[in-house]
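>>> Dropping a prediction and its sequence here:
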Protein chains: 6
Amino acid sequence: MSSYAPIEYSDASSEVRAVFDDIKKTRQVEDVNNFWKYLARDPVTLNRTWQSVKEIMTPGALDAVTKEMVYLAVSVTNGCGYCIASHGAAARKAGMSEAMFGVLMAVVGMANETNRLANGYRVPIDAAFER
Amino acid sequence: MSSYAPIEYSDASSEVRAVFDDIKKTRQVEDVNNFWKYLARDPVTLNRTWQSVKEIMTPGALDAVTKEMVYLAVSVTNGCGYCIASHGAAARKAGMSEAMFGVLMAVVGMANETNRLANGYRVPIDAAFER
Amino acid sequence: MSSYAPIEYSDASSEVRAVFDDIKKTRQVEDVNNFWKYLARDPVTLNRTWQSVKEIMTPGALDAVTKEMVYLAVSVTNGCGYCIASHGAAARKAGMSEAMFGVLMAVVGMANETNRLANGYRVPIDAAFER
Amino acid sequence: MSSYAPIEYSDASSEVRAVFDDIKKTRQVEDVNNFWKYLARDPVTLNRTWQSVKEIMTPGALDAVTKEMVYLAVSVTNGCGYCIASHGAAARKAGMSEAMFGVLMAVVGMANETNRLANGYRVPIDAAFER
Amino acid sequence: MSSYAPIEYSDASSEVRAVFDDIKKTRQVEDVNNFWKYLARDPVTLNRTWQSVKEIMTPGALDAVTKEMVYLAVSVTNGCGYCIASHGAAARKAGMSEAMFGVLMAVVGMANETNRLANGYRVPIDAAFER
Amino acid sequence: MSSYAPIEYSDASSEVRAVFDDIKKTRQVEDVNNFWKYLARDPVTLNRTWQSVKEIMTPGALDAVTKEMVYLAVSVTNGCGYCIASHGAAARKAGMSEAMFGVLMAVVGMANETNRLANGYRVPIDAAFER
């Protein structure tokens, strides 16, 4: 078998199926994304990652669309193609409009620019921001 | 003069003072942060950066606290110490509570983790996410 | 000629062929990877890079599989698609099992997460870790 | 209270103390590092992060020193000062000699270099590395 | 309409057309690159980004080829595939020879390597470099 | 001895002294920077790194100030504090004026911004840039 290939539900162990079932139920989807099918090669990491994602992404102090936009902002900064595609879709599903996406990208671009200006000019932290 | 030093208002040209005045008026603060004082060594970049930041950070499709949290998420991902300190403070001023900060960091951490799992497992983009 | 194209052995200068021959002999392979064929456009960089890689990757204080796993960990963190594919294959050839790969990715993911948590919470270095 | 400050054991809630106690017991240390004391401001993230780290860092398919060296390699690549200090210390405690550290840094440096050469020369993935 | 699709001139608003016209006139090209066609979904960001790029890339203290090579160096370091392709082409158009490209990549590779060696060895800044 | 400490000339082995002597002679300086003193803990890496840097930084298809500015651009993008300080100084010594520094930072900032806009908008590579 290839070193990289998805585990489909029909070929999955009961341990993997239990995670897939919980993802499908929690997200109310008919099938899990490729991310989970590839991660399923390591059932321990699959389960831990899903439990963490489920705990973190449950609405609480921040709502779902804000969390997905933050996820997208990080993925764009890191240049992760898969994550940009999947969390872009998730953010839209959670309510991100075209206008919100435009502003989000503007902020992400500006932050990446000014991060480097601060580095390059060797700006010391203001006393007001220090603990 | 050192290659890295802030330009204080009293030593600034009229061009730089005009930008400092606009920052102080827009943000209703008594003095500008170190970032602007260091950038003031290049008045053209100072002015363009401020005009861009002002345009982008004006509340619109996203509110102020969401924008500052996204700015913080990018800065944490890039490891920019100055920006983490300054936008952490700005996010709190705009309304980020301790609980919101905790969740924000949890999402940022998880996104940085799963970005690498997607890379390492070479996960192909689902057809559903493709244009 | 295109600005990006591989130099095949049959079209290579004697200087490039000497490097290709040494790679093939050292690694006991019939052909060199695309990386070397593209780098061959600059024979000076080709030769210096190969001499450095050969020196560094020769087993010594760390064995071959550990080195390849570290190479893979860095490539996954940087999101270099080519390097993830080539060093994933090299690590497997050097003895990385599926179980070792799973644990490696788990560590890489966790390190990328906690690196950002340390940034975001502005954690100062413990006195015990200081010089 | 400052937005950034450690939670010491004496000031911690029972929920936080339970995590601190488990860290101290598992690692057989008298006090936890700053990382955990700062993360303790968010008990949910503290607990989840510790449970994940404990699961991942328990020796299995990879031994402790290899895992800590991979953690260090990622932290050096990301430029996380705190993590370089703490995981450098942890790797040494787990058995990383000065010679092993030297080789590790050589591999990390070379990987960061060749990652960019592969990007810059736009090297396509060899058919042999494809799924 | 798809969430990701280019805006062609024939479908563009007068606001977008004005930017496209200025790009075509300034660069003396018959059509704008995909970058601008995709950005056109957000006319505000399109306009601001173009005005900034035009101001920055106009020859002044640095000539055009130097600026494009710096742009390429950053894009290679960040691993942005689109930007490597477009600014590689722009640098060549501005006068970057094959030999200059080879040296540029060598410097970029070495800088990425020594950046990590400095991180890993925790090298303190020399007094001579301090302000 | 600490795990992180510089090797001074007076304490250095003859192998290390030979490298230090060559650096001092090549650069016509009285002492080597901290970078080399810390790297000296691993004489093999010290020597290989110096030989590579010497080969790459010798003026050729690109002049000294251009190379140092590219080195600085990469270091600013990666956020390496030591490298920003040392290559900022080196670039100035090689002829970078205050005006050139200002433009360099403007390009570096803009490149980091547009790299993310290209990522976020998922811009496909124009046919004209393809091989």
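The structure has been received and is ready for your questions. Numbers count the residues shown, from 1 in each chain, chains lettered A, B, ... in the order given.
>>> Tell me the residue of chain A that sits nearest chain C?
Across chain A, the shortest distance to chain C (Cβ to the nearest Cβ) belongs to A:D42, at 3.3 Å. For every residue, glycine as well, the C-beta is placed using N, CA and C.
>>> surely that residue meets C:L104?
No - counting by Cβ atoms under 8 Å, C:L104 is not a contact partner of A:D42; they are 10.0 Å apart.
>>> what residues does chain A put near chain D?
A:2-5, A:44, A:48, A:52, A:55-56, A:131 (Cβ under 8 Å from any Cβ of the partner chain).
>>> Which among those residues count as buried?
A:3-4, A:48, A:52, A:56 (16 or more other Cβ atoms under 10 Å in any protein chain shown).
>>> Please report the number of neighbouring residues for A:E15.
Counted with other Cβ atoms under 10 Å in any protein chain shown, residues neighbouring A:E15 total 12.
>>> Can you tell me the closest non-neighbouring residue to it?
A:P43 (4.8 Å; Cβ to Cβ, 6 or more residues apart in numbering or on different chains).
>>> residues touching that neighbour, list them.
Contacts for A:P43 (Cβ atoms under 8 Å, 6 or more residues apart in numbering or on different chains) come out as A:13, A:15-16, A:19.
>>> and A:V19, helix, strand or coil?
At A:V19 the chain is in helix, as set by DSSP: H, G, I helix; E, B strand; the rest coil.
>>> How much space separates the closest residue to A:N33 other than its chain neighbours from A:V74?
Take A:N33 and drop its neighbours on the chain: the residue closest to it by Cβ to Cβ, 6+ apart is B:D126, 5.4 Å away. According to Cβ to Cβ, to the nearest Å, B:D126 stands 20 Å off from A:V74.
>>> Give me the more crowded residue out of those two.
Legend: neighbour count by other Cβ under 10 Å for B:D126 and A:V74, higher for A:V74 (29 against 17).
>>> How about the helix or strand where A:K67 lies and chain E, touching?
Using DSSP states H and E, A:K67 falls within helix A:64-78. No - for helix A:64-78, no contact with chain E is found by Cβ under 8 Å from any Cβ; the gap never falls below 9.1 Å.
>>> Mind giving me the packing neighbours of that helix?
Applying 3 or more Cβ pairs under 8 Å, 6 or more residues apart in numbering or on different chains; DSSP states H and E, we find helix A:64-78 packed against helix A:43-57, helix A:81-93, helix A:98-120, helix B:64-78, helix B:98-120, helix F:98-120.
>>> again, 7 Å this time
Using 3 or more Cβ pairs under 7 Å, 6 or more residues apart in numbering or on different chains; DSSP states H and E, the elements in contact with helix A:64-78 are helix A:81-93, helix A:98-120, helix B:64-78, helix B:98-120, helix F:98-120.
>>> is the first one anywhere near chain C?
What it means is helix A:81-93. No - Helix A:81-93 stays out of contact with chain C when judged by Cβ under 7 Å from any Cβ of the partner chain, the minimum separation being 8.4 Å.
>>> Taking helix C:81-93 as reference, get the angle to that helix.
Helix A:81-93 runs at 120 degrees relative to helix C:81-93, counting by axes from the mean of the first three to the mean of the last three Cα atoms, to 10 degrees.
>>> now for helix A:81-93, which elements pack on it?
Applying 3+ Cβ pairs under 7 Å, 6+ apart, we find helix A:81-93 packed against helix A:64-78, helix B:98-120.
>>> hmm, 8 Å instead?
helix A:34-39, helix A:64-78, helix A:98-120, helix B:98-120, helix F:98-120.
>>> Would you mind listing what in chain A touches chain F?
A:72, A:76-77, A:79, A:81, A:84-85, A:88, A:104-105, A:108-110, A:112-117, A:119-122.
>>> Kindly recompute the last result at 6 Å.
A:76, A:79, A:105, A:108-109, A:112-113, A:116-117, A:119-120 (Cβ under 6 Å from any Cβ of the partner chain).
>>> Now A:A111: closest residue in space that isn't a chain neighbour?
Nearest non-adjacent residue to A:A111, counting by Cβ to Cβ, 6+ apart: B:V74, 3.8 Å away.
>>> ok now do the one you found, which residues does it touch?
A:73, A:77, A:108, A:111 (Cβ atoms under 6 Å, 6 or more residues apart in numbering or on different chains).
>>> residues near the last one, how many?
This means A:A111. A:A111 has 30 neighbours, counted by other Cβ under 10 Å.
>>> State the pLDDT value of it.
Confidence at A:A111, expressed as pLDDT, is 98.
>>> pretty sure it is touching B:Y71, no?
Yes - judged on Cβ atoms under 6 Å, A:A111 makes contact with B:Y71 at a distance of 4.7 Å.
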